[in-house]
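Chemist: fold the following and give me the result.
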Amino acid sequence: MLFEELNLIEPILKALKHEGYTQPTPIQEQSIPLILQGKDLLGCAQTGTGKTAAFAIPILQLLYQQKQQHKEQKTIKSLILTPTRELAIQIEESFTAYGRNLGLKHLVIFGGVSQNPQTEALKRGVDILVATPGRLLDLMNQRFVNLEHIQILVLDEADRMLDMGFVNDVKKVIAKLPQKRQTLFFSATMPSEIQQLANTILRNPEKVEVTPVSSTAETIEQAMFYVDREDKRSLLLHILKDKDIRTALVFTRTKHGADKVVKDLLRANITAEAIHGNKSQNARQRALSNFKARTTRILVATDIAARGIDVDELTHVINYELPNIPETYVHRIGRTGRAGASGIALSFCDAEEMEFLTDIHKLINKTIPAADHPYQPKQPMMAQKQQVNQRNSNKGSRNNAGGNNFRGKKPSGQRQRTSS
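Modeler: Purely as a prediction, here's the structure:
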């Protein structure tokens, strides 16, 4: 199918052609007609499937057609809520690209920078507002933002909003919206809490599901490096001796871990920068721009900060630490192998991460092949895992005498959250 077959108006088709797009992705092909019909939508699609365009293109068309029929009003007509600054910026860039011929005004607002340019733009009038929950609520409380005229609401990356603790903020925002509106809800995963939220805000939604979250792109070559924790640094430097790895996105679980990896790489004369929640917005954008321009070879990121990172032709993702939520593994490696391109995902696993790896194998329904390397564990992983479990058990016995003991595991029904 071609975009011309989706009943899109000529100014949008012209913009898509300018961007080099002729064929919609599956989620775009399924979502755009439903949104143009004014229906609520529940979209489940993993990263890299093109869901930003799936909602941006029809929103632009609907608002442009309305603008042609009615006198222009300086009111916010569409709100896109998203969890991270990077993703918010990327979404606004998409509205700029696809709406270049429409004359609609859009704005992105997020925290970590001065609010003055944002409030001045709001005063001049905005049709489409892309926002992170914290800054949006702040500007609403200061009466800079009025949501009484919202016609289309988009919740993007809803599962990540849950992970980041934004759900209550999202509910506060929704309480200020008109009851009569179109709502588009996108999430890469659909845990019960997200399904409950969707049920409360959607009216008879159409459901679009593309690429189950448990699946990893067939074009991504995966390898697991079993290694002792203290040897991870040496293993990473060994892997990066390969000059064919021109750029790589390296994941850690924590902000401190990301900074430590960057220091190790810089000592080895490998250009690297970190991107995480403690960095200023300017520093994050500079690091991302340098990485995209390939002046920085390695970008080290935490999971939350990495949402919204979209780099063309990224060949390698390296999991320096395995995530403790298995779906996150799928999201991480989905940063490479996008749009049908090939990619390579290399992961390090120490004894304490064996439990995480078991969960990942269950989710993706296959075993990631082990790689040979010079830093093999000093003793078998399973033996180390048993020692770790024994230490946790002994520790739990001392701390929880007579009480419940989860032996270092997450209590049933709960997910530990990692620092980012």
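Chemist: can you show me the helices along the stretch 1-150 of the chain?
Modeler: Shown for the stretch 1-150 of the chain, the helices assigned by DSSP state H, counting those that start in this stretch span residues 10-19, 26-36, 51-69, 85-98, 116-124, 133-141.
Chemist: so, low pLDDT: which residues of the stretch 251-400 of the chain?
Modeler: For the stretch 251-400 of the chain, residues meeting the criterion pLDDT under 70 lie at 277, 304-310, 312, 337-341, 381-400.
Chemist: what about the strands in it?
Modeler: Applying DSSP state E, counting those that start in this stretch to the stretch 251-400 of the chain gives strands spanning 272-275, 298-301, 316-319, 343-349.
Chemist: dump the ones you listed into a markdown table; add mean neighbour count and distance to Leu136 as well.
Modeler: Every residue, glycine included, has its C-beta placed from N, CA and C. A markdown table is the format used below for those (neighbours: other CB atoms under 10 Å; distance: least, CB to CB, whole Å):
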| stretch | mean neighbour count | distance to Leu136 |
| --- | --- | --- |
| strand 272-275 | 24 | 22 |
| strand 298-301 | 27 | 24 |
| strand 316-319 | 24 | 31 |
| strand 343-349 | 23 | 34 |
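Chemist: can you put the ones you listed in JSON lines and add distance to Val227?
Modeler: Below are those laid out as JSON lines (distance: least, CB to CB, whole Å):
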{"stretch": "strand 272-275", "distance to Val227": "20"}
{"stretch": "strand 298-301", "distance to Val227": "18"}
{"stretch": "strand 316-319", "distance to Val227": "12"}
{"stretch": "strand 343-349", "distance to Val227": "5"}
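Chemist: mind checking which of those is nearest Pro133?
Modeler: Nearest of the strands of the stretch 251-400 of the chain to Pro133, taken as CB to CB: strand 272-275 at 20.0 Å.
Chemist: got the contact list for that closest one?
Modeler: Outside strand 272-275, the residues within contact range by CB atoms under 8 Å, 6 or more residues apart in numbering are 86, 250, 255, 258-259, 261-262, 265-266, 284, 286-288, 290-291, 296-302, 305-306, 309.
Chemist: make it 7 Å
Modeler: With contacts defined as CB atoms under 7 Å, 6 or more residues apart in numbering, strand 272-275 is touched by 258-259, 262, 265-266, 284, 287-288, 290, 296-301, 305.
Chemist: what about Ile239, how many neighbours?
Modeler: By other CB atoms under 10 Å, 17 other residues sit near Ile239.
Chemist: what about Phe225, distance to Glu5?
Modeler: For Phe225, the distance to Glu5 equals 46 Å [CB to CB, to the nearest Å].
Chemist: neighbour count: these two, which is higher?
Modeler: Higher neighbour count among Phe225 and Glu5: Phe225, with 24 against 11, using other CB under 10 Å.
Chemist: give the contact list for the more buried one.
Modeler: So Phe225 contacts Leu235, Leu346, Ser347, Phe348, Cys349, Ala371, His373 (CB under 7 Å, 6+ apart).
Chemist: residue contacts, the fifth one?
Modeler: Put plainly, it is Cys349. Met224, Phe225, Tyr226, Leu322, Leu357.
Chemist: beta partners for the closest residue to the last one other than its chain neighbours?
Modeler: Okay, so that is Leu357. In space, and not counting its chain neighbours, Leu357 is closest to Cys349: 5.2 Å by CB to CB, 6 or more residues apart in numbering. Beta-bridge pairing for Cys349 (DSSP bridges): Tyr226.
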